[in-house]
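# Here you go, sequence then predicted model.
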Amino acid sequence: MGRGTIVNDAAIVEHEAVVGMYCHVAANATLLGRARLGDRVFLGAGAGVRDGVTVCADVTIGMGTIVSADISEPGVYVGVPAHRLRR
């Protein structure tokens with residue numbers, strides 16, 4: 001867990017997961033094992049990041065979004081599976 005990170009109620013951060021600095025893991029969000037969040041990532045309520053997936057810095061992941069593949073470009077991501085909505 002990086003400095004300044006917030007993990008809200010009922011959120012799950014599993015084994016070997018890495019959370020960067022100034023992230024926000026919202027209520028009921030799940031970060032599975034070995035997943036990685038870069039700095040300044042917002043993981044919305046009920047969103048999930050699959051085991052071993054990496055999310056780069058400066059990403060917003062919308063409520064209920066499922067991230068099943070690496071995200072390498074900053075921006076706003078929504079949907080199942082996650083796709084980039086805008087920069």
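Received it, and whenever you're ready, just let me know what you need.
# For the most centrally placed residue in the chain, give the beta-bridge partners.
Averaging the C-alpha coordinates of the chain gives a centre point, and the residue nearest to it by Cα atoms, centre = their mean is residue 43 (4.1 Å). Counting by DSSP bridges, residue 43 is bridged to residue 25, residue 61.
# Just the pLDDT at it, thanks.
According to the prediction, residue 43 has pLDDT 98.
# That one is in contact with residue 32, isn't it?
No. Using Cβ atoms under 8 Å as the test, residue 43 is too far from residue 32 to be in contact (11.7 Å). Any C-beta I mention is one placed from the backbone N, CA and C, and that applies to glycine too.
# any residues in contact with both of those two?
residue 49 (Cβ atoms under 8 Å, 6 or more residues apart in numbering).
# quick one, what contacts the residue nearest to the centre of the chain?
Residue 43 makes contacts with 23, 24, 25, 26, 29, 31, 37, 49, 61, as judged by Cβ under 8 Å, 6+ apart.
# would you turn these into JSON lines with pLDDT, distance to residue 4 and neighbour count?
Formatted as JSON lines, the contacts of residue 43 follow (pLDDT from 0 to 100; distance: Cβ to Cβ, whole Å; neighbours: other Cβ atoms under 10 Å):
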{"residue": "23", "pLDDT": "98", "distance to residue 4": "8", "neighbour count": "24"}
{"residue": "24", "pLDDT": "98", "distance to residue 4": "9", "neighbour count": "19"}
{"residue": "25", "pLDDT": "98", "distance to residue 4": "12", "neighbour count": "27"}
{"residue": "26", "pLDDT": "98", "distance to residue 4": "15", "neighbour count": "19"}
{"residue": "29", "pLDDT": "98", "distance to residue 4": "17", "neighbour count": "25"}
{"residue": "31", "pLDDT": "97", "distance to residue 4": "17", "neighbour count": "28"}
{"residue": "37", "pLDDT": "98", "distance to residue 4": "13", "neighbour count": "31"}
{"residue": "49", "pLDDT": "98", "distance to residue 4": "19", "neighbour count": "28"}
{"residue": "61", "pLDDT": "98", "distance to residue 4": "18", "neighbour count": "26"}
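# Need the max-distance pair from those residues.
By the measure Cβ to Cβ, 24 and 49 form the most distant pair in these, at 13.4 Å.
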